[in-house]
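A predicted structure for the sequence below; I have some questions about it.
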Amino acid sequence: MAAARAVVPASWPERTAGAGTVGRMTSHDTLHDGTAFQDHYPPDVAACFGCGRLNEHGHHLRTTWDGEGTVTRFTPGPEQTAVPGYVYGGLIASVIDCAGTGTAAGAAYRAAGRTMGDPDDHEPPLRFVTGRLEVDYLAPTPLGVELVVRGHIDEIKARKVVVSLEMAAGDTVVARGRVIAVLMPATME
Ligand SMILES: CCCCCCCCCCCCCC(=O)SCCNC(=O)CCNC(=O)[C@H](O)C(C)(C)COP(=O)(O)OP(=O)(O)OC[C@H]1O[C@@H](n2cnc3c(N)ncnc32)[C@H](O)[C@@H]1OP(=O)(O)O
């Protein structure tokens with residue numbers, strides 16, 4: 001099997017939370033126009049069941065900037081039941097997963113000084129996959145309530161972005177997660 005490779009832009013500096021530069025706005029920062037990161041995904045990564053706008057059966061999760069972090073909102077349907085009245089844990093993991101990869105993509109574009117959806121940007125797209133997903137289930141998650149996931153960028157390196165996330169149902173934090181998103185290897189293209 002061919003070795004995995006991915007394009008790393010020379011303009012993408014390594015940044016870590018310790019360096020104090022993660023999440024800073026730049027003059028290139030975008031998507032304060034109401035669109036979500038996922039609205040700009042290229043078609044080959046827009047079929048994801050969680051966040052792909054082209055998957056007619058999927059959740060169509062959408063993630064936007066919210067200050068220095070991100071926000072993703074989703075209201076599970078009644079079929080997403082674990083025990084009656086409460087949300088299935090796999091769905092909670094899915095929402096955290098796609099909120100994390102979306103946040104990673106937004107952070108990577110921001111760090112590279114690029115604008116998602118910029119018609120004048122002819123660099124290769126920065127596509128991410130989940131390398132690691134961690135979820136702590138802190139409280140039962142009620143059905144019929146909008147879940148709000150806030151993402152925080154912990155670390156940006158040449159090939160990966162680490163995002164921590166917190167999911168709330170109303171005033172209750174129901175789950176926390178961490179996603180290590182890695183640039184998609186060419187073997188997946
Ligand atoms: C406008 C365009 C936007 C487009 C956005 C699209 C967004 C996405 C939309 C779709 C969303 C769909 C979402 C889905 O559902 S994606 C579907 C689920 N995910 C997969 O199928 C991925 C399968 N795995 C792989 O392909 C490889 O194993 C990957 C690519 C993940 C790593 O391969 P590889 O091992 O060759 O990577 P590397 O050696 O270059 O390592 C790079 C860095 O990463 C760190 N690392 C790696 N793995 C792990 C791990 N498990 N835990 C902790 N860390 C890990 C590693 O230590 C290193 O860190 P550092 O040493 O530098 O510190």
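That came in fine, so what should we check first? Numbers count the residues shown, from 1 in each chain.

So residue 92: helix, strand or coil?
Going by DSSP: H, G, I helix; E, B strand; the rest coil, the secondary structure assigned to residue 92 is helix.

Is it correct that it is in contact with residue 169?
No. At 10.0 Å, residue 92 does not count as touching residue 169 under the criterion of Cβ atoms under 8 Å. From N, CA and C alone the C-beta is placed, and that goes for glycine too.

mind listing the helices for the protein?
89-111 (DSSP state H).

which parts of it sit against the ligand?
Within the chain, the positions near the ligand by Cβ under 6 Å from any ligand atom are 4, 40-42, 45, 48, 101, 105, 116, 125-132, 157, 159-160, 180, 182, 185.

if we go to 5 Å?
4, 40-41, 45, 48, 101, 105, 116, 125, 127-132, 157, 159-160, 180, 182, 185 (Cβ under 5 Å from any ligand atom).

need the strands for the chain, in chain order.
With strands called from DSSP state E, the chain shows them at 15-16, 63-66, 69-74, 128-137, 147-156, 160-169, 172-183.

now the longest one against strand 147-156, angle please.
Put plainly, it is strand 172-183. Between strand 172-183 and strand 147-156, the angle comes out at 40 degrees (axes from the mean of the first three to the mean of the last three Cα atoms, to 10 degrees).

Can I get strand 172-183 in PDB, CA atoms only?
Extracted in PDB, the C-alpha atoms of strand 172-183 (Å, rounded to 0.1, in the frame of the first residue of the first chain):
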ATOM      1  CA  THR A 172     -26.700  21.400  31.700                       C
ATOM      2  CA  VAL A 173     -23.300  20.300  30.300                       C
ATOM      3  CA  VAL A 174     -24.100  16.800  29.100                       C
ATOM      4  CA  ALA A 175     -20.800  15.800  27.400                       C
ATOM      5  CA  ARG A 176     -17.300  16.800  26.800                       C
ATOM      6  CA  GLY A 177     -15.100  15.600  24.000                       C
ATOM      7  CA  ARG A 178     -11.800  15.900  22.300                       C
ATOM      8  CA  VAL A 179     -11.100  15.400  18.600                       C
ATOM      9  CA  ILE A 180      -7.700  14.900  17.000                       C
ATOM     10  CA  ALA A 181      -8.300  15.800  13.400                       C
ATOM     11  CA  VAL A 182      -5.600  14.800  10.900                       C
ATOM     12  CA  LEU A 183      -5.100  15.900   7.300                       C
END
